[in-house]
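Peer 1: I'd like to go over a predicted model; first the sequence, then the structure.
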Amino acid sequence: MGDRLEPEVPADVVGRRLSCGGERATVRYVGPVPPTTGVWLGVEWDDPQRGKHDGSHEGVHYFSCRHPKGGSFIRPAKAIYGVDYLTALQQVYHYCIKKADTDISFYTKERSFESLTSVLLGGLEVNGPGPDGAIRRTTPYVQLLDLSGSLLSCWEDVSVFSLQMEQLEELNLSCNRLSLPSRPSTLSHAFYNLKVLHLNKCELTWPQILDCASMWPQLESLCLTENHITALQRPDQVLHSLKSLNLALNPLVEDTLACLSALPRLEDLNVSHTGLSVIRFDDAAPGCQTAMFPELKTLVMDNNNISEWCVIDELAKLPSLSELSCRRNRLQSSDGNPRTAEQMVMAKLGRLIILNRCQLLPEERRGAELDYIKMFGEEWLKSKSCSQSKAQFNCEHPRYQSLINKYGAPEEGELKRPEPFALKNQLLKITFVFPDDDRKPIEKKLPASMVVQKVKGLLYRLLKVPAADLRLTYSSPKKVATEIELDGDLRTLEFYSIEDGDLVLVRWS
């Protein structure tokens, strides 16, 4: 068939990557498709919605697709196979420097690229490393290489880049479809210095990651968002140097999360948007430390289905956890106030330094812990009369007794359950004034739980000034001639102790 191929079709086209109409695809078939005449390319699209079928036509199966509608036949003339690395490098960096109105004559010579430590070719149609030794001659000192959304087709080609960039530490291969090597370990020498790897949106499964992991013996950071990662298996003998792992936007099977505890140096884990609702460390009793995840310091689990407070109690078992983000979950306090729920997280996790991207101040922690004691003081007092009730209370509030030891038992008058949160009782009358502008003051009633970011959004609608340009301070009759800056966009008005009748001063650049 090779002799009969049309001139524009490469002899090794099957398996190659191409673009057509701005969409990426992989060639799965080349040849005739009766009853039509001429040569066709059977392609599997990266975006299956671009396709029409599973590789079949009129009952004949020509190739296979992972998605039943992910395939199409296109004429070879419509296929774009991209350019090699050196061509893309010259085109892009020449263009960027020309736009900046600087002297470009120096950059049209090959030797000019030698000083580059970062090469960003993301979204371009790079199809390979080019002539032998070209990378080493032109960009030998590159430490960061972005080849996301390229037309590379296999890891063997990627290894050629890395072999010639001996200082390469960070590599972005997101939005690629790379065929897996038959013996990944044989490529480990090519990626020996690699520390950071991005493989977002590559349609990879966890077993495939583990199979490839022997290629990256020194890897410290791995980003795998929006892949096909579901059930996790233990990474035995691979990825043991990993410190940061991002699994956001993968449909994880939550019961397998503990498998990642086999990563002895893992410090930073992101499992946002994964459907997570349960976390358990069954090796430790409530209030004790787990042997799992001994180095985990930062955990991000935003936008999940966590609704049970026992999950937070399980996180308290982690010996090194100091930063947690759990925004947009279903955790609720009995009064329905989001601020109270946040205080409960602070009280339950005594080692936290940062919660939901905001640093916890000592006085903020103290207030949260004292409120927690008062909130559950009545239950604690009742549980003392029955050993079974006491055991159940300690299971639900494993840190409560240590807080009693720290602050003392609550006074009798404080052992009352807080009143249900009522928005009307939490509204603050605030007057916005504009010291650098002639606008008249604006008076508004806002909930104490409103965050500064929302306040800026309100002001944007009123003033038509971008929220990013706004700087807010407030003054109180109790603190004459003192302005306190509202410098945390995710902090609430209540956090800053803003009271009914206070002034908020609005300035902008």
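Peer 2: Yep, it's here. Numbers count the residues shown, from 1 in each chain.
Peer 1: which stretch of helix or strand covers the nearest residue to residue 458 once chain neighbours are set aside?
Peer 2: Counting by C-beta to C-beta, 6 or more residues apart in numbering, residue 458 lies nearest to residue 444, which is 7.3 Å off, once chain neighbours are set aside. The C-beta positions use only the backbone N, C-alpha and C, and glycine is treated the same way. Assigned by DSSP states H and E, residue 444 falls within strand 442-447.
Peer 1: now that strand: mean pLDDT?
Peer 2: If you average the pLDDT over strand 442-447, you get 92.
Peer 1: over to stretch 119-134?
Peer 2: 94.
Peer 1: contacts for the strand holding residue 444?
Peer 2: With C-beta atoms under 8 Å, 6 or more residues apart in numbering as the test, strand 442-447 has contacts from 423, 426, 427, 428, 429, 430, 431, 432, 455, 458, 462, 493.
Peer 1: grab the CA positions of that strand and hand them over as CSV.
Peer 2: Provided in CSV are the C-alpha atoms of strand 442-447 (Å, rounded to 0.1, in the frame of the first residue of the first chain):
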residue,chain,number,x,y,z
ILE,A,442,-24.0,55.4,50.4
GLU,A,443,-25.8,53.5,53.2
LYS,A,444,-26.4,49.8,53.0
LYS,A,445,-27.5,46.9,55.2
LEU,A,446,-25.2,43.9,54.8
PRO,A,447,-24.9,40.6,56.5
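Peer 1: can I get the following helix or strand past that strand in CSV, CA atoms only?
Peer 2: As assigned by DSSP H and E, the chain's next helix or strand after strand 442-447 is helix 452-463. Only the C-alpha atoms of helix 452-463 are listed here, as CSV (Å, rounded to 0.1, in the frame of the first residue of the first chain):
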residue,chain,number,x,y,z
VAL,A,452,-14.9,41.5,51.4
GLN,A,453,-14.8,40.1,47.9
LYS,A,454,-18.6,40.3,47.7
VAL,A,455,-18.6,43.8,49.2
LYS,A,456,-16.2,44.9,46.3
GLY,A,457,-18.6,43.2,43.8
LEU,A,458,-21.4,45.3,45.2
LEU,A,459,-19.3,48.5,45.0
TYR,A,460,-18.4,47.6,41.4
ARG,A,461,-22.1,47.5,40.5
LEU,A,462,-22.6,50.9,42.2
LEU,A,463,-19.5,52.7,41.1
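Peer 1: ok, and what's touching stretch 270-288?
Peer 2: Contact with stretch 270-288 is made by 245-252, 254-255, 257-258, 290-292, 299-308, 311, 313-318, 325, 394-395, 398-399, as judged by C-beta under 8 Å, 6+ apart.
Peer 1: beta partners for residue 198?
Peer 2: Residue 198 has the following beta-bridge partners by DSSP bridges: residue 172, residue 223.
Peer 1: where does this structure dip in pLDDT?
Peer 2: 1-7, 95-112, 412-426, 478-481 (pLDDT under 70).
Peer 1: for it, longest strand please?
Peer 2: strand 23-31 (DSSP state E).
Peer 1: buried stuff in that one?
Peer 2: Using 16 or more other C-beta atoms under 10 Å as the test for burial, strand 23-31 gives 24, 25, 26, 27, 28, 29, 30.
Peer 1: direction included, what does that strand pair up with?
Peer 2: Strand pairing for strand 23-31, using DSSP bridges, gives strand 17-20 (antiparallel), strand 40-45 (antiparallel).
Peer 1: so what touches it?
Peer 2: Residues contacting strand 23-31 (C-beta under 8 Å, 6+ apart): 1, 5, 9, 13-19, 39-47, 50, 55, 62-65, 71-72, 79, 149, 151, 153, 175, 177.
Peer 1: quick revisit: pick the most buried one from the strands paired with strand 23-31.
Peer 2: strand 40-45 (a mean of 24; mean count of other C-beta atoms under 10 Å).
Peer 1: how about that one as PDB, C-alpha atoms only?
Peer 2: C-alpha atoms of strand 40-45 as PDB (Å, rounded to 0.1, in the frame of the first residue of the first chain):
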ATOM      1  CA  TRP A  40      -8.700   8.400   3.500                       C
ATOM      2  CA  LEU A  41      -7.300   8.900   6.900                       C
ATOM      3  CA  GLY A  42      -9.300   7.300   9.800                       C
ATOM      4  CA  VAL A  43      -8.700   9.600  12.800                       C
ATOM      5  CA  GLU A  44      -9.600   9.400  16.500                       C
ATOM      6  CA  TRP A  45     -10.400  12.900  17.700                       C
END
